[in-house]
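Novice: Below is the structure, and that's it, no one-letter string:
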């Protein structure tokens, strides 16, 4: 499979000396042709700086990045015609109509399609003569996407592509992007909508504090993460749940990679003791739970705790 983007040891430092801030801390990336790669992360995680490096908008402090086997800055004249970029905010002139905006943008492209074609793609044909300044936020995002598609790119960078869109427009945009993928277009996107990453991405990378904390398919990422069973403390010593890690407080949390077996065991134990497990919740691992744990640094704490997690005997003593 052809690799479209390769990055190795990529770093981006702003400032110097005591005022230096390292936004990207030596990350590696590979994006295959025709793949949708989602780069997720909390605010300040380093996503925008990473996008700038991959797009060739800024130079890395250290490390290497290649797009189509070329340097996106040094070989910009060769790379840029093959790339479409949808920025987080387009900053398009408010006085121009949508049609005028697209014609203006079309003049910057090496191999453009027609304005009418992209207007149809983003469902704005009937709004072509409306000034950009009069559009809703969601409509402006669709104009930004139309501009990114005008050059018929092989590679699309999409920075929060559906922010401000209503649910129907979001779904229509997902369908459009799925069609582009089917046509062989490679996409790198960042989004705060986790369901968007779940729906579109082949590979997901979650950044935190300048590093990639998790990477893989949705199933890979979720399968690495434990499910949780939570309930109010019943006042009795809990059964030994093999392979599970317990946090016995007033609310008991069971971390498990075998949710069905441990939930069944707990319910059978509660039934045998004629107990009601009040506030019982069983939560399968999800992209949201992985993301939130990373965002709050709980994952690091949990990894540390696993080496000294309470044994079943210790749990019994604590209870």
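Specialist: Everything's here; your move. Every value quoted in this text rests on a predicted model; they were computed, and no experiment measured them.
Novice: where does residue 53 sit relative to residue 9, distance-wise?
Specialist: Taking CB to CB, to the nearest Å as the measure, residue 53 and residue 9 are separated by 12 Å. Every C-beta, even on glycine, is put in place using the N, C-alpha and C of the backbone.
Novice: Tell me which of these two has more neighbours.
Specialist: The neighbour count for residue 53 versus residue 9, taken as other CB atoms under 10 Å, is higher for residue 53 (26 against 13).
Novice: For the helix or strand that contains the more buried one, give me every contacting residue.
Specialist: Under the criterion DSSP states H and E, the helix or strand holding residue 53 is helix 47-55. By CB atoms under 8 Å, 6 or more residues apart in numbering, the list of residues contacting helix 47-55 from outside reads 5, 7, 10, 12, 23-24, 27, 29, 39-41, 57-60, 65, 67, 72, 83, 85, 88, 157, 159, 188, 190, 207.
Novice: one more time with 6 Å
Specialist: 10, 12, 23-24, 39, 41, 58, 60, 65, 85, 157, 190, 207 (CB atoms under 6 Å, 6 or more residues apart in numbering).
Novice: residue boundaries of the strands in this structure?
Specialist: With DSSP state E as the criterion, the chain has strands at 3-14, 21-32, 36-41, 62-67, 83-86, 155-159, 186-190, 203-208, 211-216, 227-232, 245-248, 251-256, 281-283.
Novice: Endpoints of stretch 53-60, how far apart?
Specialist: Stretch 53-60 has an end-to-end distance of 6 Å (criterion: CA to CA, to the nearest Å).
Novice: actually stretch 269-288, sorry about that
Specialist: 30 Å.
Novice: buried ones in that stretch?
Specialist: Neighbour-count burial for stretch 269-288 flags 269, 270, 277, 282, 285, 286, 287 (criterion: 16 or more other CB atoms under 10 Å).
Novice: gap between the last one and residue 46?
Specialist: Put plainly, it is residue 287. Counting by CB to CB, the gap from residue 287 to residue 46 is 19 Å.
Novice: Please apply the same query to residue 58.
Specialist: Using CB to CB, we find residue 58 at a distance of 12 Å from residue 46.
Novice: Looking at these two, which one has more neighbours?
Specialist: Neighbour comparison, residue 58 and residue 46: the larger count goes to residue 46, with 24 against 14 (by other CB under 10 Å).
Novice: Might you report the residue contacts of that one?
Specialist: When contacts are taken as CB under 6 Å, 6+ apart, residue 46 is in contact with 23, 24, 207, 210.
Novice: What score does it have for pLDDT?
Specialist: Reading off the per-residue confidence, residue 46 sits at a pLDDT of 93.
Novice: Kindly provide the distance from it to residue 115.
Specialist: Using CB to CB, one obtains 35 Å as the distance from residue 46 to residue 115.
Novice: what ranges of the stretch 201-319 of the chain fall below the confidence cut-off?
Specialist: 243-249, 297-319 (pLDDT under 70).
Novice: angle of the helix holding residue 53 against strand 203-208?
Specialist: On the basis of axes from the mean of the first three to the mean of the last three CA atoms, to 10 degrees, helix 47-55 is oriented at 130 degrees to strand 203-208.
Novice: how far out from the middle of the chain is helix 47-55?
Specialist: How far helix 47-55 lies from its chain's middle: 14 Å, per CA atoms, centre = their mean, to the nearest Å.
Novice: ok, now which ones touch residue 125?
Specialist: Remark: with contacts taken as CB under 6 Å, 6+ apart, residue 125 is in contact with residue 119.
Novice: rerun that using 10 Å as the cut-off
Specialist: For residue 125, the contact set (CB atoms under 10 Å, 6 or more residues apart in numbering) comprises 98, 99, 115, 116, 118, 119.
Novice: Distance to residue 146 added to the strands of the chain, as TSV?
Specialist: Supplementary listing: those in TSV, determined by distance: least, CB to CB, whole Å:
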stretch	distance to residue 146
strand 3-14	23
strand 21-32	23
strand 36-41	19
strand 62-67	23
strand 83-86	9
strand 155-159	12
strand 186-190	16
strand 203-208	26
strand 211-216	31
strand 227-232	42
strand 245-248	50
strand 251-256	46
strand 281-283	40
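Novice: closest to residue 140 out of the ones you listed?
Specialist: Among these, strand 83-86 comes nearest to residue 140, with 11.4 Å by CB to CB.
Novice: Going along the chain, name the helices of the stretch 151-300 of the chain.
Specialist: With helices called from DSSP state H, counting those that start in this stretch, the stretch 151-300 of the chain shows them at 167-182, 194-200, 218-223, 259-272, 287-295, 298-306.
Novice: I'd like to know which of the ones you listed lies nearest to residue 104.
Specialist: Counting by CB to CB, residue 104 lies closest to helix 167-182 out of the helices of the stretch 151-300 of the chain; the figure is 22.3 Å.
Novice: could you give the mean pLDDT of that closest one?
Specialist: Here the mean pLDDT over helix 167-182 is 92, rounded to a whole number.
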